[in-house]
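1. Below: sequence and its predicted model.
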Amino acid sequence: MILQKLFLSFLVLLMIVSCSDSKEKDKQNAVERITERIANDAVSSIKTPIEKAKLAKEMVENHNSRVKEAEK
């Protein structure tokens with residue numbers, strides 16, 4: 001009888017721990033998703049101006065090379 005109560009108590013304890021652990025994992029997953037989204041936004045906000053600057057540089061170089069060819 002004591003062994004059964006002990007076993008049931010252990011099972012209840014395991015269920016409580018497993019339930020709280022899954023809630024904690026859900027919170028961590030939500031935090032990780034938000035962190036990932038913020039990181040992607042930050043990377044995008046940094047990359048976009050750099051890519052635009054590279055494109056502008058290419059356009060200027062192309063224009064300069066056309067002007068030099070026209071001078072000849």
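-> Yes, it's here. Residues are numbered from 1 along each chain as shown.
2. Now do the same for stretch 64-72: mean pLDDT, whole number.
-> Taken as a whole, stretch 64-72 carries a mean pLDDT of 90.
3. Buried residues of it, list them for me.
-> Burial within stretch 64-72, assessed by neighbour count using 16 or more other C-beta atoms under 10 Å, is assigned to no residue. Placement of C-beta: from N, CA and C, glycine included.
4. Residues touching it, excluding its own?
-> By C-beta atoms under 8 Å, 6 or more residues apart in numbering, no residue outside stretch 64-72 reaches it.
5. With only the CA atoms kept, save it in PDB.
-> Listed in PDB are the C-alpha atoms of stretch 64-72, where the atom choice follows Å, rounded to 0.1, in the frame of the first residue of the first chain:
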ATOM      1  CA  ASN A  64      32.300  56.700 -66.300                       C
ATOM      2  CA  SER A  65      33.500  54.000 -68.600                       C
ATOM      3  CA  ARG A  66      30.900  55.100 -71.200                       C
ATOM      4  CA  VAL A  67      32.100  58.700 -70.900                       C
ATOM      5  CA  LYS A  68      35.700  57.600 -71.300                       C
ATOM      6  CA  GLU A  69      34.900  55.600 -74.400                       C
ATOM      7  CA  ALA A  70      32.900  58.500 -75.900                       C
ATOM      8  CA  GLU A  71      36.000  60.800 -75.400                       C
ATOM      9  CA  LYS A  72      38.200  58.500 -77.500                       C
END
